[in-house]
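A.B. asks: kindly generate the corresponding structure for this input.
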Amino acid sequence: MKLSAVLLSAAFLMPVAGVAHDHEPEPATHLVITRQVGGYQAPLDRLSAQIRKEQGRKAFQPSKQCPKRVAPNYRKKVVVAGFELESAHQGDLGGLYRAGEQLSRLVYQRLRETGRVIPLAAPDRQMFASLAMAPTAHAAGNRLARYSPVSREMGAQFVVSGVIRNIEVSDRLSWGSSYASRLKGALFGKDSNRSLVVDLIVHDGYTGRVLVEERFSGSGRWGFDARDRVAFGSDRFFASDFGAMADKLIDGMVEKVIRDIECQPLMVKILDVDGKDLVLDVGTNSGLLPGEHMELVRAEHSLGDPERPPELWETDVSLHVHSITLDRAQAWMPQYGSAINVRAGDYAVVY
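C.D. replies: Predicted coordinates for the structure are as follows:
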């Protein structure tokens, strides 16, 4: 929740609101920080920054490279959203209209088979139709400017999505049904080479940070008749030269997702805070065990733009996981949540 002050005297609010004074501002560390009061959001934001500076708080930055201690036993939740087919007409040949949805299902299945993450399927949820027209735009620092609704709704730390940029045959004219197409095919034969180009996107649904933005591409012979209908990912599809190429391409995408996610810390939401006791949104399938210590990270949400991912701040407070069930963990911290402003919606992190 965004920091703001409730226990402010009228005398103190006057200089904050813009009245000039010669003396240095009073240290703000004694203020009680809670939710917004009245129309003082801008000065309260400045006070929050002053408090953070005085307390030496640092912004939380997930590791950009694999740390020395990589813990693949910690399995993170990953939502596999839909892959959009950018040019729908390219699916005409072979009836590959649902290639994006079927690609999403294949990526989900293969992630599940690895046992190295906790995948969740959402093939009907589209993140964007194309990167150029994405409703979720990239901000400075390779960070998404808007929350991912699917991440919040499904409680997953990471979101996999993408765009099929090209699934076209090399020479579309030779595959047509017109007289010119049939004549060209009869005289010169059909160019059966078909491309597959996929932009893979992986982002952290909690922070908005983009982890993977990579293009995978290949080509193979499309060995079917122009009137054939072949489901993307079916046994018949994979038996073709084009399908064999797509099979390897999908494996490469899955390995890229696994490799980059394993380098990230396990970050789980705090569901409840009661004094020094906490409930965490993590279960035994994560590989987390009782006795683990996690770091508390405070999330500051923007009241003016609630869809923006929160700013994360270190608290220098550790918690101790003392029990864990299939979908919840109980933890304890040495300070009262109200004293350090930790509440439901903040995060616990283990590297």
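
A.B. asks: so where do the helices sit in the chain?
C.D. replies: 10-16, 41-55, 99-114, 149-154, 179-188, 235-238, 241-262, 337-340 (DSSP state H).

A.B. asks: okay, now the domains of the chain?
C.D. replies: Split into domains by automatic domain parsing, the chain comes to 1-56, 59-68+265-351, 77-262.

A.B. asks: how near is the residue nearest to residue 167 when sequence neighbours are not counted to residue 232?
C.D. replies: Excluding its sequence neighbours, the residue lying closest to residue 167 (C-beta to C-beta, 6 or more residues apart in numbering) is residue 90, at 4.9 Å. Placement of C-beta: from N, CA and C, glycine included. For residue 90, the distance to residue 232 equals 12 Å [C-beta to C-beta, to the nearest Å].

A.B. asks: name the residues contacting each of these two.
C.D. replies: Both residue 90 and residue 232 are contacted by residue 96, under the criterion C-beta atoms under 8 Å, 6 or more residues apart in numbering.

A.B. asks: from residue 318, how far out is residue 290?
C.D. replies: Distance, residue 290 to residue 318, using C-beta to C-beta: 15 Å.

A.B. asks: got the contact list for residue 295?
C.D. replies: Taking C-beta under 8 Å, 6+ apart, one finds 314-315, 317-319, 348-350 in contact with residue 295.

A.B. asks: just the strands in the stretch 201-350 of the chain please.
C.D. replies: Using DSSP state E, counting those that start in this stretch, the strands assigned to the stretch 201-350 of the chain run over residues 210-221, 266-274, 277-280, 293-300, 311-324, 329-332, 347-350.

A.B. asks: of all those strands, which lies closest to residue 242?
C.D. replies: Closest approach to residue 242 among those is made by strand 210-221 (3.7 Å; C-beta to C-beta).

A.B. asks: now that closest one against helix 241-262, angle please.
C.D. replies: In terms of direction (axes from the mean of the first three to the mean of the last three C-alpha atoms, to 10 degrees), strand 210-221 departs from helix 241-262 by 170 degrees.

A.B. asks: which strands and helices sit next to strand 210-221?
C.D. replies: On a contact count with 3 or more C-beta pairs under 8 Å, 6 or more residues apart in numbering; DSSP states H and E, strand 210-221 meets strand 158-166, strand 193-204, helix 241-262.

A.B. asks: just the angle between the shortest one and helix 99-114, please?
C.D. replies: What it means is strand 158-166. Calculated by the same axes, to 10 degrees, strand 158-166 forms an angle of 140 degrees with helix 99-114.

A.B. asks: do the same with the longest one
C.D. replies: Interaxial angle, helix 241-262 versus helix 99-114 (the same axes, to 10 degrees): 60 degrees.

A.B. asks: my read: residue 104 touches residue 126, true?
C.D. replies: No: the criterion here is C-beta atoms under 8 Å, and residue 104 misses it with residue 126 at 9.6 Å.

A.B. asks: looking at these two, which one has more neighbours?
C.D. replies: Neighbour count, other C-beta atoms under 10 Å: between residue 104 and residue 126, residue 104 has more, with 25 against 18.

A.B. asks: what residues are up against the more buried one?
C.D. replies: Residue 104 makes contacts with 80-83, 121-123, as judged by C-beta under 8 Å, 6+ apart.

A.B. asks: can you lay out the helices and strands packed on strand 210-221 as TSV showing mean neighbour count?
C.D. replies: Below are the helices and strands packed on strand 210-221 laid out as TSV (neighbours: other C-beta atoms under 10 Å):
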stretch	mean neighbour count
strand 158-166	25
strand 193-204	21
helix 241-262	18
